[in-house]
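K.L.:
Curious how this folds, go ahead:
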Amino acid sequence: MRFVRTVALALLASLSFAAQARMVQRPVEWTLDGTHFKSVLVYDDASHAKRPGLVMVPNWYGLNDTAIQKAQMIAGKDYVVLLTDMYGENVRPEPGHADQAKAATTPLYTDRALMRRRINEALTQLKAQAANVPIDTAKLAAIGFCFGGTAVLDLARSSADVAAVVSFHGGLTTDDPALAKHIKARVLVMNGADDKGTMPDADKFMDEMRASPVDWQFVVLGNAVHCFTETEQNSPGCKYDARAAARSYRLMHEWLRAAFAGTP
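P.N.:
Numbering: from 1, shown residues only. From the prediction side, this is the model:
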């Protein structure tokens, strides 16, 4: 009877611990070039086991509740995610206000060196969190959506020491195609076949990547337009597609696992 009581108490204790486990949202702040940034670190604290760290750049609306929910979904029990503020704390476009989002992204599209400095600082800040959260600093990558896809591709072009970058319906342009020669990360890019905003640049992007020394894949998802992972989008040219989203997330996980393992 004593054994049964001991086992029952142990089970209750484990259930209590599981109930206390939660998806943590921790603010991460820094200043660069006189601009103060407020990002969010997301991870499941159910385990103290180290796991890969991801820099995640959301779409051009930046940090908001939808972006945080997406970061939580991606993080799960598999990753620590730094949802990255690319604009500065005083720039927060309202969802649905494309004019505000365009105004926020224009300075970074105009000055790609600035974009690269900011995304590299985000990577530096992610690494710094390893002192307090369970990040395996030997397994780092970056993922981005729409504008965020452009940002993580620029991280790769800057020769950042990450295992992989993954771009979802991201912009493909660059200010300097020669930078591709310095890429170290494995590059996975996924765009909708009917994305009229990004696909016109596909050939130039592939020419750029052919000059790079790394493993790269450009995946075209049939019947999908721009924004296919963005659940809140439902306009003709920018529309959520559950099937394309599920496929792209599966490809992301496979790509990251292989990159972290060092396998083809």
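K.L.:
what's the host helix or strand of Leu140 packed up against?
P.N.:
Taking DSSP states H and E as the definition, Leu140 sits inside strand 135-145. Under the contact criterion of 3 or more CB pairs under 8 Å, 6 or more residues apart in numbering; DSSP states H and E, strand 135-145 touches strand 51-57, helix 112-128, helix 147-157, strand 164-168, helix 242-261. The way it works is simple: take the backbone N, C-alpha and C, and place the C-beta from them, glycine included.
K.L.:
just the ones you listed: most buried one?
P.N.:
Sort the helices and strands packed on strand 135-145 by mean neighbour count, taking mean count of other CB atoms under 10 Å, and strand 164-168 sits at the top with a mean of 30.
K.L.:
re the thing from before, for the helices and strands packed on strand 135-145, which one sits closest to Ala202?
P.N.:
Ala202 lies closest, by CB to CB, to one member of the helices and strands packed on strand 135-145: strand 164-168, at 12.2 Å.
K.L.:
Hey, what's the angle from the helix or strand just after that closest one to strand 135-145? Just curious.
P.N.:
Next in sequence after strand 164-168, counting helices and strands by DSSP H and E, comes strand 186-192. Strand 186-192 and strand 135-145 meet at an angle of 30 degrees, taking axes from the mean of the first three to the mean of the last three CA atoms, to 10 degrees as the criterion.
K.L.:
Could you dump the helices and strands packed on strand 135-145 into TSV and include distance to Asp203?
P.N.:
What follows is the helices and strands packed on strand 135-145, written out as TSV (distance: least, CB to CB, whole Å):
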stretch	distance to Asp203
strand 51-57	25
helix 112-128	20
helix 147-157	16
strand 164-168	16
helix 242-261	21
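K.L.:
so which of those gets nearest Ala211?
P.N.:
Per CB to CB, nearest to Ala211 of the helices and strands packed on strand 135-145: helix 147-157, 11.4 Å.
K.L.:
how much distance is there from that closest one to the middle of the chain?
P.N.:
Computed by CA atoms, centre = their mean, to the nearest Å, the chain-centroid distance of helix 147-157 equals 10 Å.
K.L.:
same deal with stretch 89-100?
P.N.:
19 Å.
K.L.:
And that stretch, end to end?
P.N.:
14 Å (CA to CA, to the nearest Å).
K.L.:
what comes up buried for that stretch?
P.N.:
Val91, Arg92, Pro93, Pro95, Gln100 (16 or more other CB atoms under 10 Å).
K.L.:
ditto for stretch 159-176
P.N.:
160, 162-174.
K.L.:
could the residues you listed be laid out in a markdown table, adding distance to Pro236 and pLDDT?
P.N.:
Converted to a markdown table, the buried residues of stretch 159-176 look like this (distance: CB to CB, whole Å; pLDDT from 0 to 100):
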| residue | distance to Pro236 | pLDDT |
| --- | --- | --- |
| Ala160 | 36 | 98 |
| Val162 | 35 | 98 |
| Ala163 | 37 | 98 |
| Ala164 | 32 | 98 |
| Val165 | 29 | 98 |
| Val166 | 26 | 99 |
| Ser167 | 22 | 99 |
| Phe168 | 19 | 99 |
| His169 | 15 | 98 |
| Gly170 | 20 | 98 |
| Gly171 | 19 | 98 |
| Leu172 | 21 | 98 |
| Thr173 | 23 | 98 |
| Thr174 | 28 | 98 |
